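Asks: predicted model and sequence below, questions to follow.
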Amino acid sequence: MRFSGLRILKEGLTGNRGWGAHWRDPEPKPAYDIVIIGGGGHGLATAYYLAAEHGLRNIAVLEKGYIGGGNVGRNTTIVRANYVMPGNSEFYSHSLKLWEGLEETLNYNVMHSQRGIINLFHSDGQRDYAARRGNAMVNQGDDAILLDREGVRKHAPYLDFDNVRFPVYGGLYHPRGGTARHDAVAWGFARGADMRGVDLLQNCEVTGIDIENGAVTGVQTTRGAIRAKKVGIVVAGRSGQVAAMAGLRLPIESHILQAFVTEGLKPCIDQVITFGMGHFYISQSDKGGLVFGGDLDMYASYAQRGNLPLVEHVMEAGMTLMPMIGKAKVLRSWGGIMDMTPDGSPIIDKTPVDGLFIDCGWCYGGFKAVPGSGHCFAHLLATGRPHAAAANFRLDRFRDGIGLMDEEGTGAQHNLH
Ligand SMILES: Cc1cc2nc3c(=O)[nH]c(=O)nc-3n(C[C@H](O)[C@H](O)[C@H](O)COP(=O)(O)OP(=O)(O)OC[C@H]3O[C@@H](n4cnc5c(N)ncnc54)[C@H](O)[C@@H]3O)c2cc1C
């Protein structure tokens, strides 16, 4: 089933009776060439690119809940390529280029909106860093514009520019950054993979990984045993637990990240805005809700909900930056489990078990990485060689310390990234 304007018109005139399910609900086969554990954004994108770009068809994605129920449907939807460190910068640049053609690629409206991102700075030192970061982005082939205070005011007049503690000095503007509809991204990749023959098995939790003579042979699941020549672990916040089924101890800690949305308001925030003196960022959804968030909850946990001190902290930061937000009513808040690495950068690599691969460590920034991660992980699974854009995401960098990508300069403490 292809989506088109003509199709929508036809369905609209004939009672919308022609739409079918977006993907099948197959029974598990006894064996597949490749099994992907985790039906989040990264797992679905991996399956899609394995089928679409490498012509592989005998693939299953095993999801313990439902498609889109994990972080891919819980994030604040920000998509950008404004990283500084070699290793990260070329990867996110690659991912943003895939985003830019994604709707045509998938024939699916993921509502990718390049409305721009402005990272504010509030001191001379922060301005220097913003200039350096902008130069690195431009050298990478991406876009960055250093705005002074009046330049920011033109885009975001509602900010408290003369705040006594944190006056706005300017901002680094990344016009190609923006947002996308997160569920639609999961659905679009799921549909694209299913159309190419991939089995999407929901309510299918992996409970064990079978290994013989140092090589993976399959998985145990709540829907029975499934044999596989290759297995990819793509389970975000549960990476440590699933890898432990293969006897692996990952350099990952799981932490909670919360987000908030207000009642729907008339359009008032055109870009994504981030505060430079506290962890607070905000955008406005197409429905009108102000979507915002802040820092991690600062303790390791697998609970998918956050604590109240962090709620207070985020609200305070919002009020400091844009006091007008105090008039909006918060409708909902929620949390997701973040797979935090010691250098705040991801892992896409083979594991010491033959045929077992891992894609994890996306911390709180893995939504923008969905197409890039799927594309690079599919390349690794299909060819056995890392994709050039993800070659630095090695698992062994945490053992030898060579090639760490500490984007934020915060050292090896997981919860500070
Ligand atoms: C509040 C919040 C805000 C965020 N904001 C942003 C943002 O603005 N921009 C950005 O780039 N990133 C953001 N992120 C991060 C981003 O959402 C994640 O990094 C990314 O979604 C993780 O990858 P995923 O989509 O594959 O994860 P998930 O959707 O969590 O997928 C993993 C899947 O694995 C499944 N699974 C786990 N264990 C098993 C098992 N044993 N067997 C079978 N299946 C299993 C889970 O059920 C889950 O569906 C945010 C995250 C949160 C929580």
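Replies: Arrived safely, thanks for sending.

Asks: now the closest residue to Gly20 other than its chain neighbours: how far from Ile8?
Replies: Sequence neighbours aside, Met1 is the residue nearest to Gly20 in space, at 5.8 Å (criterion: C-beta to C-beta, 6 or more residues apart in numbering). All C-beta spots, glycine's among them, are computed from the backbone N, C-alpha and C. Met1 sits 12 Å away from Ile8, going by C-beta to C-beta, to the nearest Å.

Asks: from the ligand, how far out is the residue nearest to Gly20?
Replies: Applying C-beta to the nearest ligand atom, to the nearest Å, one obtains 25 Å for the distance of Met1 from the ligand.

Asks: quick one: that residue and Ala21 touch, right?
Replies: No: counting by C-beta atoms under 8 Å, no contact exists between Met1 and Ala21, whose distance comes to 9.4 Å.

Asks: can you read off the pLDDT for His279?
Replies: Model confidence at His279, given as pLDDT, is 89.

Asks: going forward, count from 50.
Replies: OK, 50 is where the count begins now, so the last one is His328.

Asks: quickly note the distance from it to Gly342.
Replies: 8 Å.

Asks: got it, and Gly263?
Replies: As defined by C-beta to C-beta, Gly263 lies at a distance of 42 Å from Gly342.

Asks: so which of those two has more stuff around it?
Replies: Using other C-beta atoms under 10 Å as the criterion, Gly263 and Gly342 rank with Gly342 on top: 24 against 10.

Asks: gap between the more buried one and Ala179?
Replies: Separation of Gly342 from Ala179 (C-beta to C-beta) stands at 21 Å.

Asks: ok, now Asn212?
Replies: 18 Å.

Asks: more neighbours: the two, which one.
Replies: In terms of neighbours (other C-beta under 10 Å), Ala179 is the more surrounded of Asn212 and Ala179; the figures are 22 against 15.

Asks: let me know the secondary structure of the more buried one.
Replies: Look at Ala179: counting by DSSP: H, G, I helix; E, B strand; the rest coil, its state is helix.

Asks: okay, and the common contacts of His328 and Gly342?
Replies: A shared contact of His328 and Gly342, defined by C-beta atoms under 8 Å, 6 or more residues apart in numbering, is any residue touching both; here these are Val363.

Asks: residue contacts, the residue nearest the centre of the chain?
Replies: The C-alpha lying nearest the average C-alpha coordinate of the chain belongs to Phe416 (C-alpha atoms, centre = their mean; 1.6 Å). When the contact criterion is C-beta under 8 Å, 6+ apart, the partners of Phe416 are Gly90, Asn120, Val121, Asn124, Thr125, Thr126, Ile127, Val128, Ala229, His231, Val234.

Asks: these two touch, right, the fifth one and Gly338?
Replies: Pointing back at Thr125 there. No: counting by C-beta under 8 Å, Thr125 does not reach Gly338; the two are 11.0 Å apart.

Asks: pull the number of nearby residues for the residue nearest to Tyr132 when sequence neighbours are not counted.
Replies: Leaving out its chain neighbours, the residue that sits closest to Tyr132 by C-beta to C-beta, 6+ apart is Ser138, at 4.5 Å. A total of 23 residues lie near Ser138 under the criterion other C-beta under 10 Å.

Asks: touching, Ser138 and Leu145? I think so.
Replies: No: here Ser138 does not reach Leu145: they are 10.8 Å apart, not a contact under C-beta under 8 Å.

Asks: anything in contact with each of these two?
Replies: When contacts are counted by C-beta under 8 Å, 6+ apart, the set common to Ser138 and Leu145 consists of Ala130.

Asks: please, which helix or strand holds the residue nearest to Pro135 when sequence neighbours are not counted?
Replies: In space, Pro135 comes closest to Asn441 once its chain neighbours are excluded; the distance is 7.4 Å by C-beta to C-beta, 6+ apart. Counting by DSSP states H and E, there is no helix or strand that carries Asn441.

Asks: and Asn441, its phi and psi?
Replies: Backbone dihedrals for Asn441, given as degrees, to the nearest 10, come out at phi -90, psi 0.

Asks: quick one: pLDDT of it?
Replies: pLDDT, the model's per-residue confidence, is 97 for Asn441.

Asks: same question for Pro435.
Replies: Pro435 is assigned a pLDDT of 98 by the prediction.

Asks: my guess is it contacts Asp398, does it?
Replies: Yes: with contacts defined as C-beta under 8 Å, Pro435 counts as touching Asp398 at a distance of 7.3 Å.

Asks: any residues in contact with both of those two?
Replies: Where contact means C-beta under 8 Å, 6+ apart, the residues bridging Pro435 and Asp398 through contact with each are Leu429, Phe442, Arg443.

Asks: domains in this structure, as residue ranges please.
Replies: 54-65+73-127+231-300+393-465, 162-227+302-389 (automatic domain parsing).

Asks: off-centre distance for the first one?
Replies: Put plainly, it is domain 54-65+73-127+231-300+393-465. Domain 54-65+73-127+231-300+393-465 sits 12 Å away from the centroid of its parent chain (C-alpha atoms, centre = their mean, to the nearest Å).

Asks: what is the neighbour count of the one residue in the stretch 250-399 of the chain that gets nearest to the ligand?
Replies: Distances between the stretch 250-399 of the chain and the ligand by C-beta to the nearest ligand atom are smallest at Gly385, namely 2.3 Å. Here the count is done by other C-beta under 10 Å, and Gly385 has 21 residues near it.

Asks: show me where the stretch 150-299 of the chain has its strands.
Replies: Defined through DSSP state E, counting those that start in this stretch, the strands belonging to the stretch 150-299 of the chain, from first to last, are 166-170, 194-197, 219-223, 227-228, 248-250, 255-261, 264-270, 273-282.
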